[in-house]
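Here you go, sequence then predicted model.
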Amino acid sequence: MTDIDATTCPNIMAIRDGIPALSRDIHGKPLIYLDNAATTPRPQAVLDTVLTYESQFPANVHRGVHTLSGEATHAYEDARRRIAAFFGGGELVFTRGTTEAINLVAGSWGETNLGAGDEVLISALEHHANIVPWQLLCARRGCVLRVADVDDAGELHLDTVIDAMTDRTRLLAMTGVSNALGTVTPIAELCATAKARGITTLVDGAQMVPHMPVDITAIGCDFFVFSGHKMYAPTGIGGLLSSGAQLEAMPPWQGGGDMIRSVSFADSTWNDVPWKFEAGTPNVGGTIGLGGAVDWLSGIGMDTIANRETALLADMVTRLKSIDRVQLVGTPSHRAGAISFVIDGMHPADVGAMLDRHSIAIRAGHHCAQPILERLGYSATARIAPAFFNTEAELEATEAAIRRIIDVFG
Ligand code: PLP
């Protein structure tokens, strides 16, 4: 066991044993999974919660009078309660993930509250999911999308964001952590500053939730959105957290079963919040799995996870900096989750493919964040995204593999 393992999480090997995908061999060697910003592997404890639902009470929620449906409804609503509590409270609407939650806010709040000339302010760091829905909304409503720039290190400064605010700014929609560079933004200060100017705030928490304790009250945003699969839950489940009053004031977004109180051919009335925004049969198994994931994360402790990941990231940054032909893309002072880099003379896709031959899984490409890569002068990077379950030995093996790739192919 290395120093990082011993000091930050002595039972890390037992935790790893509880994540089945980590025991796979790829090309004859044990998998080193460093693509956690794309998605995280699912622990057996999470899979078990989903399997219990699917095998024991695979019923629809809210509708049935029979026992199985009652059990499914209880598990679904109990998961909602535990997940909301994990994030410090608020009303939780389940969505497919971050992308759908942002589209919900654009389609409901945006359609109602934004008009010609109003401005939506995002940052240069945003994932496409926090750009394109606003572009579509602006095209429909005649509003304007403004972008607060970052510096050459990929850092977002409060002053720059304030400079980009005008008396027409109605919404500040920004990420807490950049998936492409790992930059941690001053999200609570950004929200406080926006709020003081009467600007509504949305925080893209997709890359925050696996890496740090999140308290939406402390962040002080109007909308917080996230994806379950980035925090050890299955794909296809995530959510929008907001206040009951905020959600009450918004019209439904999608129509269908479960989101109504009554329907006639003349008109319909809506269910209470949060069900008003959950049309159709929800992803019950995924929701229960997300509940299992927050229990699993709580058992480990988000502070433990944050401390350990800080140590692993610092270690990997030092290793990469020690390799001659490696350039880091983005050197933020406060980093979470991801390190982008390029190797002189090699395409990032080739770096990714060659690391895969060493059984190391990383991401290469634009990371669904083309504008920030272009801003820094790149069309693609290689990205190492460690999580707390990674070990120092894996990072050492990754450094060795990169050196070997450069020696052999460079
Ligand atoms: N926002 C950020 C910062 C992300 O990293 C991602 C996914 O990578 C998303 C939004 C979109 O998440 P999803 O595809 O789960 O909806």
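Arrived safely.

who's the closest residue to Leu376 other than its chain neighbours bridged to?
Distance criterion CB to CB, 6 or more residues apart in numbering; nearest residue to Leu376, sequence neighbours excluded, is Val329 at 5.8 Å. Placement of C-beta: from N, CA and C, glycine included. Bridge pairing for Val329 (DSSP bridges) gives the partners Ser340.

Could you pull up the residues touching Val329?
Remark: with contacts taken as CB atoms under 8 Å, 6 or more residues apart in numbering, Val329 is in contact with 154, 181, 340-342, 373, 376, 378, 381.

Can you pull the residues of the chain lying near the ligand?
97-99, 127, 129-130, 175, 179, 204, 206-207, 227, 368 (CB under 6 Å from any ligand atom).

can you rerun that using 5 Å?
Neighbours of the ligand within the chain, by CB under 5 Å from any ligand atom: 97-99, 127, 129, 175, 179, 204, 206-207, 227.

Taking those residues, please make a ChimeraX selection of just the buried ones.
Applying 16 or more other CB atoms under 10 Å to the residues of the chain next to the ligand, the buried members can be selected in ChimeraX as follows:
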select :97,98,99,127,129,175,179,204,206,207,227
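
Narrow the residues of the chain next to the ligand to those in strands?
Counting by DSSP state E, the residues of the chain next to the ligand place 175, 204, 227 in strands.

Helices along the stretch 201-350 of the chain, start to end?
216-219, 244-248, 284-300, 302-321, 348-357 (DSSP state H, counting those that start in this stretch).

Run through the neighbouring helices and strands of the fourth one.
What that stands for is helix 302-321. Packing contacts for helix 302-321, counted by 3 or more CB pairs under 8 Å, 6 or more residues apart in numbering; DSSP states H and E, involve helix 3-8, strand 326-329, strand 339-343, helix 392-409.

mind putting these in CSV, mean pLDDT included?
Below are the helices and strands packed on helix 302-321 laid out as CSV (pLDDT from 0 to 100):
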stretch, mean pLDDT
helix 3-8, 82
strand 326-329, 98
strand 339-343, 98
helix 392-409, 96
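
Out of those, which is the most enclosed?
Per residue and on average, the most neighbours among these fall to strand 339-343, with a mean of 24 (mean count of other CB atoms under 10 Å).

What's the local residue count around Asp17?
12 (other CB atoms under 10 Å).

gap between it and the ligand?
To the ligand, Asp17 is 27 Å away according to CB to the nearest ligand atom, to the nearest Å.

ok, back up a step: and of the contacts of Val329, the nearest to the ligand?
Taking CB to the nearest ligand atom as the measure, the ligand lies nearest Leu181 of the contacts of Val329, at 10.7 Å.

Which of the ones in strands among the residues of the chain next to the ligand sits closest to the ligand?
Scanning those for proximity to the ligand, where the rule is CB to the nearest ligand atom, the winner is Ser227, at 3.3 Å.

Surely the closest one is in contact with Met208?
No. When contacts are counted by CB atoms under 8 Å, Ser227 is not listed as touching Met208 (10.9 Å).

For the chain, which residues score under the pLDDT cut-off?
The chain contains residues with pLDDT under 70 at 1-2, 410.

who are the neighbours in contact with Val284?
53, 60-61, 72, 75-76.

Let's see that with 7 Å instead.
53, 61, 72, 76 (CB atoms under 7 Å, 6 or more residues apart in numbering).

Could you export those as JSON lines, including distance to Pro43 and neighbour count?
Shown next, in JSON lines, are these (distance: CB to CB, whole Å; neighbours: other CB atoms under 10 Å):
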{"residue": "Tyr53", "distance to Pro43": "16", "neighbour count": "23"}
{"residue": "Val61", "distance to Pro43": "24", "neighbour count": "21"}
{"residue": "Ala72", "distance to Pro43": "22", "neighbour count": "25"}
{"residue": "Tyr76", "distance to Pro43": "20", "neighbour count": "21"}
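
Now go through those and say which are in strands.
Per DSSP E, the subset of those in strands is empty.

First-to-last residue distance for stretch 244-253?
Across stretch 244-253, the terminal residues are separated by 16 Å (CA to CA, to the nearest Å).

for it, which positions count as buried?
Buried-residue list, stretch 244-253, by 16+ other CB under 10 Å: 246-247, 250, 252-253.

Contacts for it, please.
Contacts for stretch 244-253 (CB under 7 Å, 6+ apart): 91, 93, 104, 107-109, 112, 222, 259, 270, 273-274, 276-277.

so how many other residues sit close to Leu297?
22.

how near is it to the ligand?
Distance from Leu297 to the ligand, by CB to the nearest ligand atom: 17 Å.

so what's Arg375 up against?
Arg375 makes contact with 124, 150 under the criterion CB under 7 Å, 6+ apart.

Torsion angles phi and psi at it?
Main-chain dihedrals, Arg375, degrees, to the nearest 10: phi -60, psi -40.

re the thing from before, can you tell me which of the contacts of stretch 244-253 is nearest the ligand?
Closest to the ligand, out of all of the contacts of stretch 244-253 and judged by CB to the nearest ligand atom, is Leu104, at 11.6 Å.

Any idea how many residues pack against the closest one?
Considering only other CB under 10 Å, Leu104 is surrounded by 24 other residues.

Shouldn't it be within a strand?
No. Counting by DSSP: H, G, I helix; E, B strand; the rest coil, Leu104 is not part of a strand but helix.
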